[in-house]
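K.L.:
Predicted model follows, preceded by the sequence.
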Amino acid sequence: MKKITSALLTSAVIASPLWADPVDDTLVLNEETTLVTRTAAPAHVSDVLDEVMSGWLFRGTETRAMQADDFDNPGMIFVEQAQEAWETAEGTEGKSCSSCHNDMDSMAGVKATYPKWNEAAGEVRTLQMQMNDCRENRMGAEAWGYDKAPAINMEAALASVSRGMPVNVAIDGPAQSTWEKGKELYYTRTGQLELSCANCHEDSYGMMIRADHLSQGQINGFPVYRLKNTKLNGSHSRFKGCVRDTRAETYSPGSPEFVALELYVASRGNGLSVEGPSVRN
Amino acid sequence: MAKGVKPRVKVPKSAEAGEAITIKTLISHKMESGQRKDDDGNAIPRSIINRFTCDFNGENVIDVTMEPAISTNPYFEFEALVPEAGEFKFTWYDDDGSVYEETKSIAIG
(Lines give C-alpha, C1' and ligand atoms only; values in the text may rest on other atoms or scores of the structure.)
Protein backbone atom coordinates (compact mmCIF):
# COMPACT_ATOMS: atom_id res chain seq x y z
CA MET A 1 0.00 0.00 0.00
CA LYS A 2 2.78 2.34 0.98
CA LYS A 3 4.46 1.64 -2.30
CA ILE A 4 1.34 2.50 -4.25
CA THR A 5 0.90 5.77 -2.40
CA SER A 6 4.43 6.89 -3.13
CA ALA A 7 4.06 5.87 -6.74
CA LEU A 8 0.90 7.96 -6.96
CA LEU A 9 2.65 10.89 -5.32
CA THR A 10 5.55 10.66 -7.72
CA SER A 11 3.27 10.67 -10.73
CA ALA A 12 1.38 13.67 -9.36
CA VAL A 13 4.62 15.59 -8.89
CA ILE A 14 5.80 14.74 -12.37
CA ALA A 15 2.44 15.38 -13.99
CA SER A 16 1.80 18.86 -12.60
CA PRO A 17 4.53 20.76 -14.51
CA LEU A 18 3.30 19.14 -17.74
CA TRP A 19 0.16 21.24 -17.47
CA ALA A 20 0.49 24.92 -18.18
CA ASP A 21 -2.90 26.29 -18.98
CA PRO A 22 -3.40 29.41 -21.08
CA VAL A 23 -3.30 32.60 -19.05
CA ASP A 24 -6.35 34.62 -18.11
CA ASP A 25 -5.48 37.90 -19.78
CA THR A 26 -7.00 40.47 -22.12
CA LEU A 27 -5.24 41.77 -25.21
CA VAL A 28 -5.74 45.52 -25.55
CA LEU A 29 -3.99 46.89 -28.60
CA ASN A 30 -2.33 50.32 -28.23
CA GLU A 31 -4.54 50.95 -25.17
CA GLU A 32 -7.49 51.35 -27.55
CA THR A 33 -8.78 48.20 -29.20
CA THR A 34 -9.73 45.12 -27.20
CA LEU A 35 -9.15 41.98 -29.24
CA VAL A 36 -11.10 38.75 -28.87
CA THR A 37 -8.57 36.10 -27.83
CA ARG A 38 -11.06 33.49 -26.57
CA THR A 39 -14.61 32.84 -27.65
CA ALA A 40 -17.15 30.07 -28.11
CA ALA A 41 -16.08 27.55 -30.73
CA PRO A 42 -17.77 27.90 -34.13
CA ALA A 43 -20.47 25.30 -34.83
CA HIS A 44 -18.33 23.09 -37.09
CA VAL A 45 -15.75 22.42 -34.34
CA SER A 46 -18.03 22.56 -31.31
CA ASP A 47 -18.07 18.76 -31.05
CA VAL A 48 -14.32 18.76 -30.25
CA LEU A 49 -13.68 22.18 -28.65
CA ASP A 50 -15.79 24.25 -26.26
CA GLU A 51 -13.76 27.38 -26.66
CA VAL A 52 -11.29 28.62 -29.25
CA MET A 53 -8.22 30.46 -27.99
CA SER A 54 -5.62 32.61 -29.66
CA GLY A 55 -2.00 31.50 -29.40
CA TRP A 56 -1.39 34.82 -27.63
CA LEU A 57 -2.80 33.30 -24.43
CA PHE A 58 -0.16 30.55 -24.51
CA ARG A 59 2.87 32.84 -24.62
CA GLY A 60 4.89 34.52 -21.86
CA THR A 61 4.18 37.87 -20.20
CA GLU A 62 6.92 39.76 -22.08
CA THR A 63 5.94 38.30 -25.45
CA ARG A 64 2.30 39.19 -24.86
CA ALA A 65 3.20 42.75 -23.88
CA MET A 66 5.33 43.16 -27.01
CA GLN A 67 2.30 42.52 -29.20
CA ALA A 68 0.05 44.92 -27.29
CA ASP A 69 1.91 48.02 -28.49
CA ASP A 70 2.67 48.73 -32.14
CA PHE A 71 5.88 50.49 -31.24
CA ASP A 72 7.16 47.45 -29.36
CA ASN A 73 5.93 44.95 -31.96
CA PRO A 74 8.92 44.23 -34.25
CA GLY A 75 6.51 42.92 -36.91
CA MET A 76 5.37 46.49 -37.53
CA ILE A 77 8.76 47.36 -39.06
CA PHE A 78 7.96 44.91 -41.85
CA VAL A 79 4.44 46.31 -42.11
CA GLU A 80 5.95 49.75 -42.74
CA GLN A 81 8.13 48.30 -45.48
CA ALA A 82 5.06 46.80 -47.12
CA GLN A 83 3.22 50.12 -46.87
CA GLU A 84 6.01 51.65 -48.94
CA ALA A 85 5.74 48.78 -51.43
CA TRP A 86 1.97 49.43 -51.58
CA GLU A 87 2.69 52.89 -53.04
CA THR A 88 5.52 51.77 -55.34
CA ALA A 89 4.69 51.27 -59.02
CA GLU A 90 6.10 48.06 -60.50
CA GLY A 91 5.84 46.05 -63.70
CA THR A 92 4.99 46.85 -67.30
CA GLU A 93 1.71 48.61 -66.50
CA GLY A 94 3.41 51.17 -64.24
CA LYS A 95 0.86 50.57 -61.49
CA SER A 96 1.18 50.18 -57.75
CA CYS A 97 -1.29 48.47 -55.41
CA SER A 98 -2.65 51.91 -54.49
CA SER A 99 -3.41 52.74 -58.16
CA CYS A 100 -6.48 50.47 -57.90
CA HIS A 101 -7.05 50.00 -54.17
CA ASN A 102 -6.27 53.57 -52.96
CA ASP A 103 -5.28 53.80 -49.32
CA MET A 104 -4.44 50.53 -47.57
CA ASP A 105 -7.11 51.27 -44.96
CA SER A 106 -9.67 50.53 -47.68
CA MET A 107 -8.61 46.87 -47.37
CA ALA A 108 -9.86 46.61 -43.78
CA GLY A 109 -11.72 43.35 -43.33
CA VAL A 110 -10.20 41.59 -46.34
CA LYS A 111 -7.74 39.43 -44.38
CA ALA A 112 -10.55 38.18 -42.14
CA THR A 113 -12.28 36.40 -45.04
CA TYR A 114 -9.27 34.67 -46.64
CA PRO A 115 -8.71 31.94 -47.86
CA LYS A 116 -11.72 32.51 -50.07
CA TRP A 117 -13.39 31.00 -53.14
CA ASN A 118 -12.54 32.85 -56.35
CA GLU A 119 -15.35 32.38 -58.86
CA ALA A 120 -13.41 33.41 -61.98
CA ALA A 121 -10.48 31.13 -61.19
CA GLY A 122 -12.67 28.31 -59.87
CA GLU A 123 -10.45 27.70 -56.84
CA VAL A 124 -9.96 28.66 -53.22
CA ARG A 125 -7.31 31.33 -52.98
CA THR A 126 -5.17 32.59 -50.17
CA LEU A 127 -4.41 36.28 -49.82
CA GLN A 128 -0.93 35.74 -51.25
CA MET A 129 -2.33 33.98 -54.34
CA GLN A 130 -4.69 36.91 -54.86
CA MET A 131 -1.82 39.40 -54.46
CA ASN A 132 0.17 37.55 -57.12
CA ASP A 133 -2.85 37.54 -59.44
CA CYS A 134 -2.87 41.35 -59.14
CA ARG A 135 0.87 41.55 -59.69
CA GLU A 136 0.94 39.34 -62.77
CA ASN A 137 -2.30 40.30 -64.49
CA ARG A 138 -2.94 43.90 -63.46
CA MET A 139 0.56 45.26 -62.82
CA GLY A 140 2.56 43.12 -65.25
CA ALA A 141 5.03 42.42 -62.48
CA GLU A 142 6.72 39.24 -61.34
CA ALA A 143 4.90 37.06 -58.83
CA TRP A 144 6.29 37.04 -55.30
CA GLY A 145 7.63 33.73 -53.93
CA TYR A 146 5.22 32.11 -51.49
CA ASP A 147 5.87 33.22 -47.88
CA LYS A 148 8.97 35.11 -49.05
CA ALA A 149 9.74 38.50 -47.49
CA PRO A 150 7.85 40.89 -49.83
CA ALA A 151 4.75 38.67 -49.91
CA ILE A 152 4.61 37.93 -46.20
CA ASN A 153 5.27 41.59 -45.34
CA MET A 154 2.35 42.64 -47.54
CA GLU A 155 0.11 39.97 -46.01
CA ALA A 156 1.04 41.33 -42.56
CA ALA A 157 0.27 44.89 -43.63
CA LEU A 158 -3.15 43.82 -44.91
CA ALA A 159 -3.72 41.90 -41.67
CA SER A 160 -2.73 44.95 -39.62
CA VAL A 161 -5.57 47.05 -41.06
CA SER A 162 -8.05 44.27 -40.18
CA ARG A 163 -6.94 43.83 -36.58
CA GLY A 164 -9.82 43.49 -34.16
CA MET A 165 -12.22 42.22 -36.80
CA PRO A 166 -13.43 38.64 -36.35
CA VAL A 167 -12.04 35.92 -38.59
CA ASN A 168 -14.91 34.85 -40.81
CA VAL A 169 -13.94 32.45 -43.57
CA ALA A 170 -16.69 30.77 -45.58
CA ILE A 171 -16.65 26.98 -45.48
CA ASP A 172 -19.85 26.23 -47.36
CA GLY A 173 -20.84 26.54 -51.01
CA PRO A 174 -18.04 26.11 -53.54
CA ALA A 175 -15.33 26.23 -50.83
CA GLN A 176 -16.72 23.18 -49.07
CA SER A 177 -14.78 20.49 -50.94
CA THR A 178 -11.48 22.31 -50.29
CA TRP A 179 -12.46 22.70 -46.64
CA GLU A 180 -13.19 18.95 -46.40
CA LYS A 181 -9.78 18.22 -47.88
CA GLY A 182 -8.16 20.50 -45.32
CA LYS A 183 -10.05 18.80 -42.52
CA GLU A 184 -8.85 15.41 -43.70
CA LEU A 185 -5.24 16.64 -43.68
CA TYR A 186 -5.72 18.05 -40.18
CA TYR A 187 -6.67 14.64 -38.85
CA THR A 188 -4.17 12.59 -40.91
CA ARG A 189 -1.20 11.26 -38.97
CA THR A 190 2.10 11.85 -40.77
CA GLY A 191 5.75 10.98 -40.40
CA GLN A 192 7.73 8.56 -38.29
CA LEU A 193 6.16 10.03 -35.18
CA GLU A 194 2.70 9.44 -36.63
CA LEU A 195 1.23 12.70 -35.41
CA SER A 196 -1.65 14.65 -36.87
CA CYS A 197 -2.28 18.36 -36.26
CA ALA A 198 -5.09 17.29 -33.91
CA ASN A 199 -2.87 15.14 -31.68
CA CYS A 200 -1.04 18.21 -30.41
CA HIS A 201 -3.36 21.13 -31.05
CA GLU A 202 -6.75 19.59 -30.29
CA ASP A 203 -6.04 16.74 -27.85
CA SER A 204 -3.10 18.26 -25.97
CA TYR A 205 -3.21 22.06 -26.09
CA GLY A 206 -2.16 23.65 -22.81
CA MET A 207 0.40 20.91 -22.21
CA MET A 208 4.13 21.18 -22.62
CA ILE A 209 5.86 19.30 -25.43
CA ARG A 210 9.33 19.43 -23.94
CA ALA A 211 9.96 23.20 -23.63
CA ASP A 212 7.12 24.28 -25.93
CA HIS A 213 3.72 25.28 -24.66
CA LEU A 214 1.20 23.74 -27.04
CA SER A 215 -1.47 26.14 -28.27
CA GLN A 216 -4.59 25.33 -30.23
CA GLY A 217 -2.65 26.08 -33.40
CA GLN A 218 -4.95 28.95 -34.36
CA ILE A 219 -3.76 31.08 -37.29
CA ASN A 220 -5.73 34.28 -36.53
CA GLY A 221 -2.39 35.89 -35.55
CA PHE A 222 -0.59 35.15 -38.81
CA PRO A 223 1.72 36.42 -40.23
CA VAL A 224 3.70 35.96 -37.02
CA TYR A 225 6.87 37.71 -35.94
CA ARG A 226 8.91 34.98 -34.27
CA LEU A 227 11.57 35.93 -31.75
CA LYS A 228 13.56 32.85 -32.78
CA ASN A 229 14.14 33.96 -36.36
CA THR A 230 13.43 37.72 -36.10
CA LYS A 231 11.20 37.90 -39.16
CA LEU A 232 7.62 37.42 -40.22
CA ASN A 233 6.48 33.85 -40.82
CA GLY A 234 3.53 32.67 -42.87
CA SER A 235 1.06 30.00 -41.87
CA HIS A 236 2.24 27.67 -44.66
CA SER A 237 5.81 27.90 -43.42
CA ARG A 238 4.53 27.09 -39.94
CA PHE A 239 2.58 24.09 -41.30
CA LYS A 240 5.74 22.95 -43.04
CA GLY A 241 7.72 23.22 -39.79
CA CYS A 242 5.11 21.18 -37.93
CA VAL A 243 4.91 18.45 -40.59
CA ARG A 244 8.70 18.30 -40.69
CA ASP A 245 8.75 17.88 -36.90
CA THR A 246 6.64 14.73 -37.28
CA ARG A 247 9.56 13.50 -39.43
CA ALA A 248 7.57 13.45 -42.65
CA GLU A 249 8.21 14.75 -46.15
CA THR A 250 6.34 18.04 -46.19
CA TYR A 251 4.20 19.85 -48.70
CA SER A 252 5.49 23.18 -50.01
CA PRO A 253 4.22 26.62 -49.03
CA GLY A 254 1.60 27.57 -51.61
CA SER A 255 0.76 23.94 -52.48
CA PRO A 256 -2.94 22.99 -52.89
CA GLU A 257 -2.65 20.83 -49.74
CA PHE A 258 -1.53 23.76 -47.59
CA VAL A 259 -4.13 26.09 -49.17
CA ALA A 260 -6.82 23.61 -48.09
CA LEU A 261 -5.26 23.24 -44.65
CA GLU A 262 -5.08 27.02 -44.24
CA LEU A 263 -8.78 27.31 -45.03
CA TYR A 264 -9.66 24.58 -42.54
CA VAL A 265 -7.41 25.87 -39.74
CA ALA A 266 -8.57 29.46 -40.30
CA SER A 267 -12.20 28.27 -40.02
CA ARG A 268 -11.44 26.72 -36.62
CA GLY A 269 -10.70 30.26 -35.45
CA ASN A 270 -13.86 31.90 -36.85
CA GLY A 271 -14.83 34.47 -34.23
CA LEU A 272 -11.33 35.23 -32.95
CA SER A 273 -9.91 38.65 -33.83
CA VAL A 274 -7.44 39.09 -36.65
CA GLU A 275 -4.15 39.76 -34.82
CA GLY A 276 -1.46 39.80 -37.49
CA PRO A 277 1.33 40.63 -37.20
CA SER A 278 1.38 38.89 -33.84
CA VAL A 279 4.48 38.15 -31.75
CA ARG A 280 5.38 34.61 -30.72
CA ASN A 281 8.51 32.83 -29.60
CA MET B 1 25.84 53.97 -46.75
CA ALA B 2 23.51 51.80 -44.77
CA LYS B 3 20.17 51.26 -46.49
CA GLY B 4 16.64 51.38 -45.08
CA VAL B 5 17.59 53.38 -41.99
CA LYS B 6 14.55 54.90 -40.36
CA PRO B 7 14.30 56.40 -36.86
CA ARG B 8 11.13 56.02 -34.83
CA VAL B 9 10.29 57.72 -31.55
CA LYS B 10 7.36 57.52 -29.15
CA VAL B 11 6.87 60.46 -26.78
CA PRO B 12 3.61 61.38 -25.01
CA LYS B 13 1.96 64.50 -26.46
CA SER B 14 1.62 66.12 -23.03
CA ALA B 15 2.73 65.70 -19.42
CA GLU B 16 2.39 67.36 -16.02
CA ALA B 17 5.21 69.79 -15.15
CA GLY B 18 7.96 67.86 -13.38
CA GLU B 19 6.57 64.48 -14.43
CA ALA B 20 8.84 61.62 -15.46
CA ILE B 21 7.74 60.32 -18.84
CA THR B 22 8.75 57.15 -20.69
CA ILE B 23 10.36 57.57 -24.09
CA LYS B 24 10.80 54.74 -26.56
CA THR B 25 13.12 54.92 -29.55
CA LEU B 26 14.01 52.52 -32.31
CA ILE B 27 16.10 52.91 -35.42
CA SER B 28 15.97 50.31 -38.16
CA HIS B 29 19.60 49.56 -38.97
CA LYS B 30 21.40 46.35 -39.84
CA MET B 31 24.20 46.91 -37.27
CA GLU B 32 26.84 44.93 -39.18
CA SER B 33 29.40 43.99 -36.52
CA GLY B 34 32.51 43.72 -38.74
CA GLN B 35 33.14 40.20 -37.41
CA ARG B 36 31.21 38.34 -40.09
CA LYS B 37 32.49 37.01 -43.40
CA ASP B 38 30.71 36.75 -46.72
CA ASP B 39 30.45 33.60 -48.86
CA ASP B 40 33.92 34.23 -50.32
CA GLY B 41 35.53 34.52 -46.89
CA ASN B 42 36.06 38.29 -47.00
CA ALA B 43 35.28 40.26 -43.87
CA ILE B 44 32.08 42.32 -44.17
CA PRO B 45 33.05 45.84 -43.05
CA ARG B 46 31.62 47.16 -39.83
CA SER B 47 28.62 49.43 -40.22
CA ILE B 48 26.83 50.36 -37.03
CA ILE B 49 25.19 53.27 -35.25
CA ASN B 50 27.94 54.24 -32.80
CA ARG B 51 26.24 56.95 -30.74
CA PHE B 52 22.75 57.94 -29.73
CA THR B 53 21.79 61.14 -27.91
CA CYS B 54 18.62 62.78 -26.67
CA ASP B 55 18.36 66.47 -25.74
CA PHE B 56 15.48 68.44 -24.25
CA ASN B 57 15.46 72.16 -25.04
CA GLY B 58 19.23 72.02 -25.57
CA GLU B 59 19.96 70.13 -22.34
CA ASN B 60 21.34 66.63 -22.66
CA VAL B 61 19.10 63.82 -21.38
CA ILE B 62 21.02 60.73 -22.48
CA ASP B 63 24.21 60.10 -24.44
CA VAL B 64 24.98 56.49 -25.36
CA THR B 65 28.09 55.01 -26.91
CA MET B 66 27.14 51.95 -28.92
CA GLU B 67 29.32 48.96 -29.67
CA PRO B 68 29.33 46.29 -32.42
CA ALA B 69 27.67 43.61 -30.27
CA ILE B 70 24.36 45.51 -30.27
CA SER B 71 21.71 43.78 -32.36
CA THR B 72 19.86 44.89 -35.47
CA ASN B 73 17.31 47.69 -35.02
CA PRO B 74 18.60 49.10 -31.70
CA TYR B 75 15.83 49.98 -29.25
CA PHE B 76 16.18 52.30 -26.27
CA GLU B 77 13.59 52.99 -23.62
CA PHE B 78 14.29 55.55 -20.89
CA GLU B 79 12.62 58.09 -18.65
CA ALA B 80 12.98 61.86 -18.72
CA LEU B 81 11.80 64.62 -16.39
CA VAL B 82 9.76 67.28 -18.15
CA PRO B 83 9.99 70.59 -16.25
CA GLU B 84 8.40 72.69 -19.01
CA ALA B 85 6.91 72.48 -22.49
CA GLY B 86 9.51 72.01 -25.18
CA GLU B 87 11.11 69.80 -27.73
CA PHE B 88 12.97 66.52 -27.53
CA LYS B 89 15.69 66.09 -30.13
CA PHE B 90 17.00 62.62 -30.89
CA THR B 91 20.20 62.02 -32.85
CA TRP B 92 21.79 58.81 -34.14
CA TYR B 93 25.36 58.79 -35.51
CA ASP B 94 26.24 56.23 -38.18
CA ASP B 95 29.75 54.81 -38.83
CA ASP B 96 29.51 56.13 -42.38
CA GLY B 97 29.14 59.71 -41.11
CA SER B 98 25.39 59.94 -41.63
CA VAL B 99 23.42 61.60 -38.86
CA TYR B 100 19.74 60.79 -38.40
CA GLU B 101 17.57 63.21 -36.48
CA GLU B 102 14.05 63.23 -35.13
CA THR B 103 12.24 65.78 -32.98
CA LYS B 104 9.09 65.56 -30.85
CA SER B 105 7.43 68.38 -28.94
CA ILE B 106 5.63 67.95 -25.67
CA ALA B 107 3.05 70.24 -24.06
CA ILE B 108 2.31 70.80 -20.37
CA GLY B 109 -1.14 70.11 -18.98
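P.N.:
On my side now, so go ahead.

K.L.:
Identify the residue nearest the geometric centre of chain A.
P.N.:
With distances taken as CA atoms, centre = their mean, A:Ile219 lies nearest the centre of chain A, 2.2 Å away.

K.L.:
quick one, what contacts residue 89?
P.N.:
All of this refers to chain A. Residues counted as contacts of A:Ala89 (CB atoms under 8 Å, 6 or more residues apart in numbering or on different chains) are A:Lys95, A:Ser96, A:Ser99. For every residue, glycine as well, the C-beta is placed using N, CA and C.

K.L.:
try chain B instead
P.N.:
By CB under 8 Å, 6+ apart, B:Lys89 lies in contact with B:Cys54, B:Asp55, B:Phe56, B:Glu101, B:Glu102, B:Thr103.

K.L.:
tell me the pLDDT at the third one?
P.N.:
Looking at B:Phe56, its pLDDT reads 94.

K.L.:
Give me the neighbour count for it.
P.N.:
Residues within reach of B:Phe56, counting by other CB atoms under 10 Å in any protein chain shown, total 19.

K.L.:
and it, what are its phi and psi?
P.N.:
phi -120, psi 120 (degrees, to the nearest 10).

K.L.:
Check the contact between it and B:Glu79; I expect there is one.
P.N.:
No - if you go by CB atoms under 8 Å, B:Phe56 and B:Glu79 don't touch, sitting 12.0 Å apart.

K.L.:
hang on, the earlier thing: now a PyMOL select for only the buried ones of the contacts of A:Ala89.
P.N.:
The buried residues among the contacts of A:Ala89 can be selected in PyMOL (16 or more other CB atoms under 10 Å in any protein chain shown) with this line:
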select buried, chain A and resi 95+96
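
K.L.:
How about whatever residue of chain A ends up closest to chain B: what's its closest non-neighbour residue?
P.N.:
Chain A approaches chain B most closely through A:Phe71 (4.7 Å), counting by CB to the nearest CB. With sequence-adjacent residues excluded and distances taken as CB to CB, 6 or more residues apart in numbering or on different chains, A:Phe71 is closest to B:Lys10, at 4.7 Å.

K.L.:
So what's the residue count around the one you found?
P.N.:
By other CB under 10 Å, neighbour count at B:Lys10 equals 15.

K.L.:
OK, contacts around it?
P.N.:
Going by CB under 8 Å, 6+ apart, B:Lys10 touches A:Phe71, B:Ile23, B:Lys24, B:Thr25.

K.L.:
Can you lay out those as CSV showing distance to A:Arg280 and pLDDT?
P.N.:
Converted to CSV, the contacts of B:Lys10 look like this (distance: CB to CB, whole Å; pLDDT from 0 to 100):
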residue, distance to A:Arg280, pLDDT
A:Phe71, 18, 92
B:Ile23, 27, 95
B:Lys24, 21, 94
B:Thr25, 24, 95
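
K.L.:
Most neighbours of all those, which one?
P.N.:
In terms of neighbours by other CB under 10 Å, these top out with B:Thr25 at 23 neighbours.

K.L.:
wait, isn't it in contact with B:Asn73?
P.N.:
No - checked against CB under 8 Å, the pair B:Thr25 and B:Asn73 is beyond contact range at 10.8 Å.

K.L.:
so where do the helices sit in the stretch 151-281 of chain A?
P.N.:
Using DSSP state H, counting those that start in this stretch, the helices of the stretch 151-281 of chain A run over A:176-186, A:197-201, A:235-245, A:256-268.

K.L.:
quick one, which of those is packed in tightest?
P.N.:
Greatest average neighbour count among the helices of the stretch 151-281 of chain A goes to helix A:256-268 (a mean of 24), per mean count of other CB atoms under 10 Å in any protein chain shown.

K.L.:
could you say what helices and strands it packs with?
P.N.:
strand A:123-125, helix A:176-186, helix A:235-245 (3 or more CB pairs under 8 Å, 6 or more residues apart in numbering or on different chains; DSSP states H and E).

K.L.:
Dump the ones you listed into JSON lines; add mean pLDDT and distance to chain B as well.
P.N.:
Shown next, in JSON lines, are these (pLDDT from 0 to 100; distance: least, CB to the nearest CB, whole Å):
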{"stretch": "strand A:123-125", "mean pLDDT": "97", "distance to chain B": "31"}
{"stretch": "helix A:176-186", "mean pLDDT": "97", "distance to chain B": "36"}
{"stretch": "helix A:235-245", "mean pLDDT": "96", "distance to chain B": "21"}
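
K.L.:
between the contacts of B:Lys10, which is nearest A:His201?
P.N.:
A:Phe71 (31.3 Å; CB to CB).

K.L.:
Does the closest one fall in a helix, a strand, or a coil region?
P.N.:
Of the three states, A:Phe71 takes coil under DSSP: H, G, I helix; E, B strand; the rest coil.

K.L.:
Up against chain B, what does chain A have?
P.N.:
Chain A comes close to chain B at residues A:Phe71, A:Asp72, A:Pro74, A:Ile77, A:Glu80, A:Gln81, A:Thr230, as judged by CB under 8 Å from any CB of the partner chain.

K.L.:
returning to that earlier point: from A:Leu49, how far off is the residue nearest to A:Phe71?
P.N.:
The gap separating B:Lys10 from A:Leu49 is 38 Å, by CB to CB, to the nearest Å.

K.L.:
just the strands in the stretch 51-200 of chain A please.
P.N.:
Assigned by DSSP state E, counting those that start in this stretch, the strands in the stretch 51-200 of chain A fall at A:51-53, A:116-118, A:123-125.

K.L.:
Could you identify which of the ones you listed is most buried?
P.N.:
Comparing those by mean count of other CB under 10 Å gives strand A:123-125 as most buried, with a mean of 20.
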